[in-house]
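Chemist: Got a sequence here, can you model it:
(chains A and B)
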2 protein chains.
Amino acid sequence: MNNCLSFSLADTCSFLKEHDNYIILTHASPDGDTLGSAFALSLALSSLGKNAWVLCPDQIPSKFNYFAKQCGTEPKGNATVISVDVADLKLLGKLMNVYADKIELAIDHHISNSHFAKRLYLDSSAAAACECVYWMIIELGVSITKTMADALFTGIATDTGCFKYSNTTPKTHIIASKLMECGIDAAAINKLMFDTKSRARMEIERMALESAQFYFNDKCCVVCATLNMQQSSGCSEADLEGLSVLSNCVEGVLIGVTMIETEKNTFKISLRAYSPYNASAICAKLGGGGHIAAAGCKITGELPQAKEQILSFIKQHMEEVDAGSDSCK
Amino acid sequence: MNNCLSFSLADTCSFLKEHDNYIILTHASPDGDTLGSAFALSLALSSLGKNAWVLCPDQIPSKFNYFAKQCGTEPKGNATVISVDVADLKLLGKLMNVYADKIELAIDHHISNSHFAKRLYLDSSAAAACECVYWMIIELGVSITKTMADALFTGIATDTGCFKYSNTTPKTHIIASKLMECGIDAAAINKLMFDTKSRARMEIERMALESAQFYFNDKCCVVCATLNMQQSSGCSEADLEGLSVLSNCVEGVLIGVTMIETEKNTFKISLRAYSPYNASAICAKLGGGGHIAAAGCKITGELPQAKEQILSFIKQHMEEVDAGSDSCK
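Modeler: The predicted model follows:
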C-alpha cells in the first residue's frame, strides 16, 4: 500500500494518546513476541485510562497465561485497530478478512513488513516487537509493572533464543536488564520457554535423532519426522516447532535439513545453511524461499524420493559454490 | 585458612598494579569462565606492561582457541600467583601440590570458596568470575579489546546458560551489552558454545532419551548413560557434560535423575529437583551433596539395583515432603 505513513516513536505515542478505545491484533499461531507486545501495550494503554482489548486469531497457548490476561473490555462500537509483530495481512489468519482495511497502526520489527496498515512504526533493528513496545511505554511515561515486564521479557527472550541469536543487540541486553529490575522471575520464564518440553516432544526428538543421516563428507545432515513418527510419539504441530535445530547443531554440518511430513507424501523442508552455502538459493530451485541462513520449501513424493530430490539440489549447490571458491584462489 | 584477607575491588586493583610478573591459575577441566577470566586478566595486565602467564592443569579444549592465547612469557623466576574461578585447592588438579601455599590472590564468585589463598576477592552475586574480572579491568582503567571481550563474554554466557539461569542479574545483562559494543560476534560465540555438538554427543543423547523412564506419576524421570552406551556412541567425558538437562526438561517432571556409569557398576548420579523437593536432601542420604536444585552422589552396583536404590530414596523423600505439605493445610 503506497499510502502507509511511516511513524516515528513520538508520532506513535501521540497517536496512542489521542484515542480511547483500542483493539490490538496479534498474528496467527501466536508466539511470545506477538503476545508479549499485545498484552504489554494493552496494560500500558489501560494505565493511561484507555480501554484496550487483545484479539488473537488462534487460541493462546496456556504457557503464556502468566501475562496473557485481558485488562480491558471487548469494544462494542468503533475502536482503533493496532497490529503488533504482524509483517503481512496474511499472518492475521482468520481475522484477515474482517480487519484487512481497518488497521490504523502497525507496530513491527520485520524489515519485510508489507506496509498494509495506514500507519507503520517499524524498527527493523529491534530483536523483537517487544523492544519497540518497551520504548513506547517509556516514551508514554508509563511505569512498567511486573506483568508488563513479564510480557516484554518473554517476547524478547523467545525471539532471540534467550539472547543467543544474531538479532540480539547491546540495546536488547539493556532492556533485559531494566525489565529484570521490575521484579520478574526471568529464570522461571526462561525455564518455561526453553527447558520445558512435552513427553511427545521428547519422543519425537529421539526419533528424529534416530533418523539422522549424513551426506557429502558429513557436511549435510538430514533428519525426518514422518506422519508415522508423529503419530507414534503422539506429538502435535506445536511439538514440532524448532525441531530443525537438531539437524544443524552437529559439528562440521554446514547444511541441516529437516523434513516434516505434513500430509501423506508431502514434506515441509526446513533448511539451515552456514557460510559459504545459501539455504535460500537451494530452496528457490524447489519453489520455496527464505534467507541465506534459513529457508524452506515443499516437496511431494515418497520419503526416499523426496530426500533424493532435496539432496540432489544440495549437491549441485555445494559443487557450484565449492567450484566458485576454488576459482577465486 | 584463617589468615585469608578479604579484598575489595580497589584493594585487588592496587595489588594487581604493584607486581610485574604473574602466573594465573585456572581450575582443572577448564570451562569458559575460568579460561575467560584468566585470559582476559592476562591481557589486561599485559596492557599495563606486566607479564602474565596462564597456567591450566589440563589441556585447553580447542573450541576456546579464539581467545585462549598466551600474551606473556612463562615466568622463569618468582611470579605472583593468582587463581581465577577456583573455589577450592582440590580443583587445581595436578597443579595443587605445586601451588597450594603459593597463591597470593584468589578471584572468585563461588560462595563456597574455601579461603585457601592469602587474599580473596569474592563476589558471590556475580554470575561468573568473568563478571569480577570485567569490573577489575574497568577499575584498572584498561580499554577492553575485542579479544578481552570475547573471553569475558564467553565466561559469562557459559556460566549462565546464555543468560537463562537464575544467577543472571540485571548487571550481567549490562556487562553483556558493554562487551557486545567491543565488536565481538556474540552470536557466533553462542553458536559455538551452545549449538555445536559432536556426532558422539548427538548419539549419546539419542540413547539417553531412549533410556528415559518415568516414575511416581511421571514426576520423576531417570535417564542413563552406561559404559556400553558410551562406548557404542564413541563419546568422551566431555561429551557427557550437561547431559542431565535431558532428565529434567520434561513437562511435569519435578525430579530428574541422570545416571552416568563412570566405571563398571559405579554410577555418578546427578539429581535436579524443583520445589517442593530437595535434591541435596536425597543425595545426602547416599553420601553425596549439593544444592536444593541440583545435587549429586555415587552409587555402586548393577544398573537395575543402583536405579532401585536411588528411586527408593526419592520415593521416601517425596512421601515425607508431600505429607509435610499436607499437614500444613
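Chemist: where do the strands sit along the stretch 51-200 of chain A?
Modeler: All strands of the stretch 51-200 of chain A, identified by DSSP state E, counting those that start in this stretch, fall at A:51-55, A:80-84, A:103-108, A:119-122.
Chemist: for the third one, what is the average pLDDT?
Modeler: Mean per-residue pLDDT for strand A:103-108: 98.
Chemist: just the shortest one next, same as before
Modeler: Here strand A:119-122 scores 98 as its mean pLDDT.
Chemist: tell me what it is packed against?
Modeler: strand A:5-6, helix A:9-18, strand A:103-108 (3 or more CB pairs under 8 Å, 6 or more residues apart in numbering or on different chains; DSSP states H and E). C-betas here are computed from N, CA, C, even on glycine.
Chemist: Determine which of the ones you listed approaches chain B most closely.
Modeler: helix A:9-18 (20.2 Å; CB to the nearest CB).
Chemist: helices and strands of chain A: which one has the lowest mean pLDDT?
Modeler: Within chain A, confidence by mean pLDDT, DSSP states H and E is lowest for strand A:289-290 among all helices and strands, at a mean of 82.
Chemist: one step back: and the helices and strands packed on strand A:119-122, which is most packed in?
Modeler: Of all the helices and strands packed on strand A:119-122, strand A:103-108 has the most neighbours on average by mean count of other CB atoms under 10 Å in any protein chain shown, namely a mean of 24.
Chemist: relative orientation of that strand and helix A:9-18 in degrees?
Modeler: Orientation of strand A:103-108 against helix A:9-18 (axes from the mean of the first three to the mean of the last three CA atoms, to 10 degrees) gives an angle of 140 degrees.
Chemist: Export the helices and strands packed on strand A:119-122 to a markdown table and append columns for distance to chain B.
Modeler: Output for the helices and strands packed on strand A:119-122, formatted as a markdown table (distance: least, CB to the nearest CB, whole Å):
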| stretch | distance to chain B |
| --- | --- |
| strand A:5-6 | 28 |
| helix A:9-18 | 20 |
| strand A:103-108 | 22 |
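Chemist: Could I get these in TSV, plus columns for distance to residue A:205?
Modeler: Shown next, in TSV, are those (distance: least, CB to CB, whole Å):
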stretch	distance to residue A:205
strand A:5-6	43
helix A:9-18	41
strand A:103-108	32
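Chemist: quick one: low-confidence parts of chain A?
Modeler: Flagging of chain A using pLDDT under 70 yields the residue ranges A:1-2, A:325-329.
Chemist: Show the residue spans covered by the helices in it.
Modeler: Counting by DSSP state H, one finds helices in chain A at the ranges A:9-18, A:32-47, A:96-99, A:129-139, A:146-159, A:170-180, A:186-194, A:199-211, A:227-233, A:279-284, A:303-327.
Chemist: Let me know which of those helices is the nearest to residue B:251.
Modeler: helix A:199-211 (7.0 Å; CB to CB).
Chemist: is that closest one anywhere near chain B?
Modeler: Yes. Residues of helix A:199-211 are located near chain B by CB under 8 Å from any CB of the partner chain, namely A:199, A:202-203, A:205-206, A:209-210.
Chemist: Tell me the helices and strands packed up against that helix.
Modeler: Against helix A:199-211 (3+ CB pairs under 8 Å, 6+ apart) you get strand A:220-225, helix A:227-233, helix B:199-211.
Chemist: what comes up buried for that helix?
Modeler: A:199-209, A:211 (16 or more other CB atoms under 10 Å in any protein chain shown).
Chemist: ok, so of these, who is nearest residue B:238?
Modeler: Of those, the one sitting nearest to residue B:238 (CB to CB) turns out to be residue A:209, at 19.2 Å.
Chemist: Tell me who's in contact with that closest one.
Modeler: With contact set as CB atoms under 8 Å, 6 or more residues apart in numbering or on different chains, residue A:209 has these partners: A:223, A:246, B:202-203, B:205-206, B:209.
Chemist: want to try JSON lines for these, with distance to residue A:135 as columns?
Modeler: Shown next, in JSON lines, are the contacts of residue A:209 (distance: CB to CB, whole Å):
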{"residue": "A:223", "distance to residue A:135": "39"}
{"residue": "A:246", "distance to residue A:135": "36"}
{"residue": "B:202", "distance to residue A:135": "41"}
{"residue": "B:203", "distance to residue A:135": "46"}
{"residue": "B:205", "distance to residue A:135": "40"}
{"residue": "B:206", "distance to residue A:135": "44"}
{"residue": "B:209", "distance to residue A:135": "42"}
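Chemist: So which residues on the stretch 51-200 of chain A come close to chain B?
Modeler: So the stretch 51-200 of chain A meets chain B at A:161-166, A:168-174, A:176-178, A:180-181, A:186-187, A:190-191, A:194-199 (CB under 8 Å from any CB).
Chemist: Since that was my last question, I'll sign off now.
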